[in-house]
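> Here is a sequence with its predicted model. Questions after.
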Protein chains: 2
Amino acid sequence: MLLCDIGNTSYHFLNHKHDYKENVKTFNPKTIQETIYYICVNTEVKKALDSLDNWIDLSKFIDKDKYYETMGIDRIFACEAISDGVIVDAGSAITVDLVEDSNFEGGFIYPGVEAMQETYKSISPVLDYPFNYKLDLTQLPKNSRDAISYGYLKTLHGEVSSYEKQIFLTGGNAELLLNIFPDAKLNPQLIFDGMKKILQEHI
Amino acid sequence: MLLCDIGNTSYHFLNHKHDYKENVKTFNPKTIQETIYYICVNTEVKKALDSLDNWIDLSKFIDKDKYYETMGIDRIFACEAISDGVIVDAGSAITVDLVEDSNFEGGFIYPGVEAMQETYKSISPVLDYPFNYKLDLTQLPKNSRDAISYGYLKTLHGEVSSYEKQIFLTGGNAELLLNIFPDAKLNPQLIFDGMKKILQEHI
């Protein structure tokens, strides 16, 4: 069974247990002959896939009333993968979504690691430090590197921890955030898990 | 008495109760003849002022051991202005500093309003919304504009509120943040208050 989660920059495939990526700009979806189940946040790619019969859009099986209109389909499928907990998906943005009794209870969007690093640098060259993920979150900092690390990480940590829920970490920078959420479940394939669940229920 | 707080982009003057700004690029400090007390985070301007006898650098009267080496002198003078509380200085960065019994207890640096707006926009054009300062901070959002506003404002709010201290709001965007910190004391001249205090103690 072939699954694909398409973002703004890449096709992320899962072929049984093997996952790999292809660049959105160079990959031709017509090269795939077998049936493939996908979700896609990229509007241009979506248009191209609509004309290919073997590419099946799983988003049509979602009860959209459970979510909100402009919510990314990747966030929705991560939510479908769990019945209770908070999902922290650390990509170009960090999306945080709360699920209780299989209901989406809301969520927020925080800048991703690279974007925030750029932000501090753009404010002043004296703030151009790599984040310190080993930072002591229980103490207010007294040096510049920790002052920006705390500003980025502790504020996020405080909000996410306040829900007192199991945390599910996914996305390209999930392992970095494991430093500040050591009790989180790391699951790089959470979105694929949601896709498999929807597939089993509907196909 | 003439005071001046010099940042990266402007000279901020206080002449008795009247305050005004001049651009760092166009203003010539030699045009001022009377004695003027200043602080300066701008290293180039600082060099130029060192040769002018009537420009008196107030930073030399600070006990630097109370702070940390790379801490901005504007943050230090805001801290000197209060004996107890948390200072939120909302400029190009938002600096948050905790003071207890006239001791600096640490602080952190968060992106300013304009910088963070740019950050979301740079991540994706679908996140290019103005922040909603009237957001309900007690509910997880279910729309895109509130999802980024909550990501920016609630995370900051949670951290700052956790100190359970009087909040002092200053800086160019202080009034915007008054929406989420309604019990804060708004004081656009907090740094000048710190400068006056140091002046009285030492000159």
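Looks like it came in fine. Numbering: from 1, shown residues only, chains lettered A, B, ... in the order given.

> Moving C-terminal from the lengthiest helix in chain A, which element do we reach first?
Across chain A, the longest stretch assigned as helix under DSSP state H is helix A:144-161. With elements assigned by DSSP states H and E, the helix or strand that comes after helix A:144-161 is strand A:167-170.

> what sits against the residue of chain A positioned farthest from its centre?
Using CA atoms, centre = their mean, the residue of chain A lying farthest from its centre is residue A:142. It sits 32.4 Å away. By CB atoms under 8 Å, 6 or more residues apart in numbering or on different chains, the contact set of residue A:142 is B:67-68, B:104, B:106. For every residue, glycine as well, the C-beta is placed using N, CA and C.

> give me the element the spatially closest residue to residue A:95 that is not a sequence neighbour is part of.
Spatial nearest neighbour of residue A:95, chain neighbours left out: residue A:89 (4.7 Å); criterion: CB to CB, 6 or more residues apart in numbering or on different chains. In this assignment (DSSP H and E), residue A:89 forms part of strand A:85-90.

> Show me what counts as buried in that strand.
A:85-90 (16 or more other CB atoms under 10 Å in any protein chain shown).

> and if you look at stretch A:35-55?
Applying 16+ other CB under 10 Å to stretch A:35-55 flags A:36-42, A:45-46, A:49, A:55 as buried.

> hey, C-alpha coordinates of it in CSV?
What follows is stretch A:35-55, C-alpha atoms only, in CSV (Å, rounded to 0.1, in the frame of the first residue of the first chain):
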residue,chain,number,x,y,z
THR,A,35,-3.2,3.0,-6.5
ILE,A,36,-1.8,5.7,-4.1
TYR,A,37,-3.7,7.4,-1.2
TYR,A,38,-2.7,11.0,-0.5
ILE,A,39,-3.4,14.2,1.3
CYS,A,40,-2.1,17.5,-0.1
VAL,A,41,-1.7,21.1,1.3
ASN,A,42,-0.1,22.3,-2.0
THR,A,43,-2.9,23.8,-4.2
GLU,A,44,-0.9,23.5,-7.4
VAL,A,45,0.0,19.8,-7.0
LYS,A,46,-3.6,19.2,-5.9
LYS,A,47,-4.9,20.4,-9.3
ALA,A,48,-2.4,18.2,-11.2
LEU,A,49,-3.5,15.1,-9.1
ASP,A,50,-7.2,15.6,-9.7
SER,A,51,-6.8,14.3,-13.3
LEU,A,52,-5.0,11.1,-12.2
ASP,A,53,-7.3,8.3,-11.4
ASN,A,54,-4.9,6.2,-9.3
TRP,A,55,-4.2,9.1,-6.9
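
> Show me the contact partners of that stretch.
By CB under 8 Å, 6+ apart, stretch A:35-55 touches A:1-8, A:11, A:24, A:29-30, A:32-34, A:56-59, A:72-74, A:77, A:191, A:195, A:199, A:203.

> Just the buried ones from those?
The buried subset of the contacts of stretch A:35-55 - by 16+ other CB under 10 Å - is A:3-8, A:11, A:24, A:29, A:32, A:58-59, A:72-74, A:77, A:191, A:195.
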